[in-house]
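Undergrad: Return a 3D structure for these sequence lines:
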Amino acid sequence: MPISKLFVEQFTRKFSTFALALLVGATFAPPSVYAKTPTKKSAASSEKTSSRNKDPDNTESNDDKREEDEGKDESPDAVEEDASPEEKARIAAEEEAAEAKRIAESILTVEKLPAKLNDILKPATRNAEWGVKVVVAETGQTLFESNADEGYIPASNRKLFTGALALDQLGPDFKFRTYLYKTGNVDAQGTLNGNLVIVPSGDPTFSKEMYKASTGDWVFRDWAKKVKEAGLKNVTGDLLIDCSAWDMNDLNPQGWATRVLNDSYAPQTSPLTINENITNIIMSPAKKGEPASISFAPPATGYPVNNNTVSGKPGTPIAKRVINTHLDLRGGIDSKKTIWSIPIDRPTLYAAANFRHHLMESQIPIQGSVRIITTTGVLPGANQQNTIALVESPKLIEIIDRMMKKSDNHMAEQIYVAISSAKMGKGSYTNSWRLESDLLTRAQINPAGVRCYDGSGLSEANRVTPTDVCKLLSFMMRHPYAQQYYDSMAISGRDGTLRNRMGSIAGRVHAKTGTINGVKALSGYVKLASDKTVSFSFLVNQIKGSSPSGIQDRLCSTIAALVL
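TA: Here you go, the predicted structure:
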């Protein structure tokens, strides 16, 4: 039976004392002592000592036996002074056995763990469907499971797979690179007789989220300055976005509920991004009865809008996307301006429109149009001579850290599709799934049993089993980038989505949370006192009552007490 290091040390120390006592008795006591019956005095002393050991807080006074014991030292050692060697050995053995039993009963062993976890889970399963798996990460030994091979919606636990795939395929030091270059020649008057070309890479950091002091369109403001510094004053051609390394027809994840499509946490995926692909529509009242005045932040010239708002009419205006066509604005707007945040439709074109806006503000007009190029080899490509600007992202591990700790959906979707763009030359959900299937196979997970249609976990069509989640976690423990993966997760009582949870075991749980409608998930690692690691997956679906987060935290705290 596994015991703690502390127990081993205590047992060894006390057993040595016991052995020494036996050795002393065997060496120096006369042979007849082993057949001798303990005297009354010895028995009384033994009984008195046992009573004290049984109840150390016993406050019985010595007054009742003062005459009998007057002048004697009342310490246990003095009471046992007249005991025979074998009696002392017996007493020591009893004490050792009692101490061993107390320590053993206080230790949470592998054998006791299932009952402890079941006691916590039983009432929780009345109001939700639970899938649970607990595994020794280093060995794969199963410690506990319940419905572990059933498929559950993982919510943002899906990001565990996206982060693993990104590290596996691209490595922690990978950087997204986005180029701005020119074609044609610039004459003496500063006119570019050619085009401006953007080559995007899916960089998800074109926002103020990782650059707090900047604006959501800082890249395109900076580029407008660099174009001016390059001596360009006019562009006769077009603004082209080279998306030939992307499948523009396969950038829409499946299974996202209609109700989330207009929410700011559900942005579209795109080769070129801006402001986490969210626009803020600013609606200000005009004359009574007229449509409200509309502007965008970040600004975008020519973005299509159907403005059906009415100034001076009571109510609240709303904005909705009409997919791949325009924004539809409706409702009354009385006296105050309203700001509505909504995912950008066709964000690559929106970002280009923002860049064009800043060029116009810098008096650098583009005579042609904004166009997306999808055919490979049509454009010459960027080189040292024609490049005007190059943006490099932070290292990939920094982006993954934010994706995991903050559960950033935009970064998850961008990273997932960009992996296949970088590795296969054609970024798409289908191609990234092909790469992921290879990873799953190496992790001894059958890809046919995993249904995943996005990178963030917003899809309600996603299904994974707790067993497969734990297989992934164990696989990543052996991966060359195991430490980076482990550190990227939220840490109990410290940071991310777990900063206010499990403070009693702060720092010992590294995990990913997950929440969508009716779903609450938590999967990751628990570090034991022995420095061994337990991987776990708690996938909870069909929640009908209160949040199961507290139950999940209790499960983690119980696992953390395991002696392994």
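Undergrad: Can you tell me how far Val199 is from Ile107?
TA: Counting by Cβ to Cβ, to the nearest Å, the separation of Val199 from Ile107 is 61 Å. C-beta coordinates here come from the backbone N, C-alpha and C atoms, glycine included.
Undergrad: who has more neighbours, these two?
TA: Shown here are Val199 and Ile107; by other Cβ atoms under 10 Å, Val199 has more neighbours (23 against 16).
Undergrad: Correct me if wrong: the more buried one contacts Trp246.
TA: No. If you go by Cβ atoms under 8 Å, Val199 and Trp246 don't touch, sitting 10.9 Å apart.
Undergrad: count of residues packed around Val322?
TA: As a burial measure, Val322 scores 11 neighbours (other Cβ under 10 Å).
Undergrad: Strands of the stretch 401-550 of the chain, residue ranges please.
TA: 490-491, 509-516, 519-527, 533-541 (DSSP state E, counting those that start in this stretch).
Undergrad: Quick one: closest of those to Gly377.
TA: Nearest to Gly377 among the strands of the stretch 401-550 of the chain is strand 509-516; the distance by Cβ to Cβ comes to 40.7 Å.
Undergrad: closest one to Pro271 among the strands of the stretch 401-550 of the chain?
TA: The nearest among the strands of the stretch 401-550 of the chain, by Cβ to Cβ, is strand 509-516 at 26.5 Å.
Undergrad: Format the CA atom coordinates belonging to the closest one as PDB.
TA: Listed next in PDB are the C-alpha coordinates belonging to strand 509-516 (Å, rounded to 0.1, in the frame of the first residue of the first chain):
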ATOM      1  CA  VAL A 509      -3.400  23.300 -10.500                       C
ATOM      2  CA  HIS A 510      -2.600  24.300 -14.100                       C
ATOM      3  CA  ALA A 511      -5.800  23.900 -16.100                       C
ATOM      4  CA  LYS A 512      -8.100  25.200 -18.900                       C
ATOM      5  CA  THR A 513     -11.600  26.300 -18.000                       C
ATOM      6  CA  GLY A 514     -14.500  26.100 -20.500                       C
ATOM      7  CA  THR A 515     -18.000  27.700 -20.500                       C
ATOM      8  CA  ILE A 516     -20.700  27.900 -23.000                       C
END
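Undergrad: Would you give the sheet partners of that strand, along with the direction of each?
TA: strand 490-491 (antiparallel), strand 519-527 (antiparallel) (DSSP bridges).
Undergrad: pLDDT on that strand, on average?
TA: Predicted confidence along strand 509-516 averages 98 (mean pLDDT).
Undergrad: try stretch 374-392
TA: Per-residue pLDDT over stretch 374-392 has a mean of 96.
Undergrad: Low-confidence stretches in the chain?
TA: Along the chain, segments meeting pLDDT under 70 span 1-82, 99-106, 213.
Undergrad: repeat that with 80
TA: Applying pLDDT under 80 to the chain picks out residues 1-83, 88-89, 91-106, 212-213, 301-303, 323-325, 335.
Undergrad: residues in contact with Tyr179?
TA: Residues in contact with Tyr179 (Cβ atoms under 8 Å, 6 or more residues apart in numbering) are Val197, Ile198, Val199, Ala382, Thr387, Ala389, Leu390.
Undergrad: right, and the helix or strand after the helix or strand harbouring it?
TA: Using DSSP states H and E, Tyr179 sits in strand 177-182. Once the chain leaves strand 177-182, the next helix or strand it forms, by DSSP H and E, is strand 185-186.
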